[in-house]
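Colleague: make a model of this:
(one chain, ligands or ions: 1)
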Amino acid sequence: MPDLGNLSEAIKTGKRDDAVALTRGAIEENVPAQDILDAMVTAMDDVGQKFQCNEIFVPEMLIAARAMKESMAALEPQLVEAGIKPVAKAVVGTVSGDLHDIGKNLVAMMWKGANFEVIDLGTNVAPEKFVEAAKEHGAELVGLSALLTTTMPAIKTTVDAIKAAGLDVTKVVIGGAPVTQEYADQIGADGYAPDAASAVELARSLLVKAA
Ligand code: B1M
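Modeller: The predicted model follows:
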């Protein structure tokens, strides 16, 4: 039985070739896909915690997320075969008028790392595109990112559009440098996360409350 701790470690340290080789090795040794996935998700949770404590920074988080992504791709056929589904579907994007995507990409990667299916709409996304995608995919979560004070109002417009569309089961998480909890409360978003790791914790807690 291969040691899945090595796989977790390879993901945490962003050693993607090792992570993929260890994933393939575990598959060959018939380790259950769920156990392999759990080792990956645990690794990304640890990465998130270290990021929150400023023990690691954006570059380390990005390389860990890349190792996770490639290992997940290697595991995908087994996940499908075992009927293991993502825990939630999430639509993410940067709001209308805003082209910044580094923070949004980090949130998308961390959500993937938590075994969410992520539909990334990119940048400069109009409110109606968020609504269409949330409906089409039956998303439980919508993540909105804004980096400019001038594009923050587009978060409110998007939240209003999601509510007007009657997407009551969809929880809206917002974030980005100028965004605050106070703003989230003011515009009726379901939650605000200051960073990508907190966005995982927040999304999980919103999903539990909604269940
Ligand atoms: Co822009 N820009 N920029 N820029 N840019 C800022 C944001 C700015 C603060 C720089 C400055 O003046 N000091 C300033 C905004 C000022 C303001 O609004 N108050 C600014 C400006 C003015 C502009 C332009 C208007 C400049 C111009 O053209 N005159 C222009 C706007 C273009 C547009 O969007 N329409 C512009 C353009 C650009 C580039 C294209 C050159 C480039 C973006 C490249 C890209 O994203 N692909 C860029 C960059 C790189 C920056 C800075 C330097 C870095 C942003 C970044 O990626 N940070 C930025 C200054 C700065 O922040 N130091 C700046 C790293 C990233 C990991 O952090 O995105 O905050 P961040 O994400 C964090 C959290 O906020 C959170 O998680 C992440 C950490 O884990 N988070 C979420 C983010 N989204 C979340 C969503 C969530 C939860 C958490 O839930 C869904």
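Colleague: and Met1, what pLDDT?
Modeller: Met1 is assigned 63 on the pLDDT scale.
Colleague: and the helices in the chain, which stretches?
Modeller: 4-12, 16-28, 33-52, 58-81, 102-113, 127-137, 152-164, 181-187, 196-210 (DSSP state H).
Colleague: for Val87, find the nearest of those helices.
Modeller: Nearest of the helices of the chain to Val87, taken as CB to CB: helix 196-210 at 7.2 Å. For glycine as for every other residue, the C-beta is placed from the backbone atoms N, C-alpha and C.
Colleague: which other helices and strands does that closest one contact?
Modeller: Applying 3 or more CB pairs under 8 Å, 6 or more residues apart in numbering; DSSP states H and E, we find helix 196-210 packed against helix 33-52, strand 88-94, helix 102-113, strand 141-145, strand 171-175, strand 191-192.
Colleague: just name the most buried of these.
Modeller: With neighbours defined as mean count of other CB atoms under 10 Å, the helices and strands packed on helix 196-210 peak in mean count at strand 141-145, which reaches a mean of 28.
Colleague: quick one, that strand and helix 127-137 angle?
Modeller: Computed with axes from the mean of the first three to the mean of the last three CA atoms, to 10 degrees, the direction of strand 141-145 lies at 150 degrees from that of helix 127-137.
Colleague: parallel or antiparallel, which strands does strand 141-145 pair with?
Modeller: Paired neighbours of strand 141-145 in the sheet (DSSP bridges): strand 88-94 (parallel), strand 171-175 (parallel).
Colleague: picking up where we left off before, wait, which of the helices of the chain is closest to the ligand?
Modeller: Of all those, it is helix 102-113 that lies closest to the ligand, at 2.1 Å by CB to the nearest ligand atom.
Colleague: centre of the chain versus that closest one, how much separation?
Modeller: 5 Å (CA atoms, centre = their mean, to the nearest Å).
Colleague: flag every buried residue along stretch 11-29.
Modeller: Across stretch 11-29, burial judged by 16 or more other CB atoms under 10 Å covers 11-16, 18-23, 26-27.
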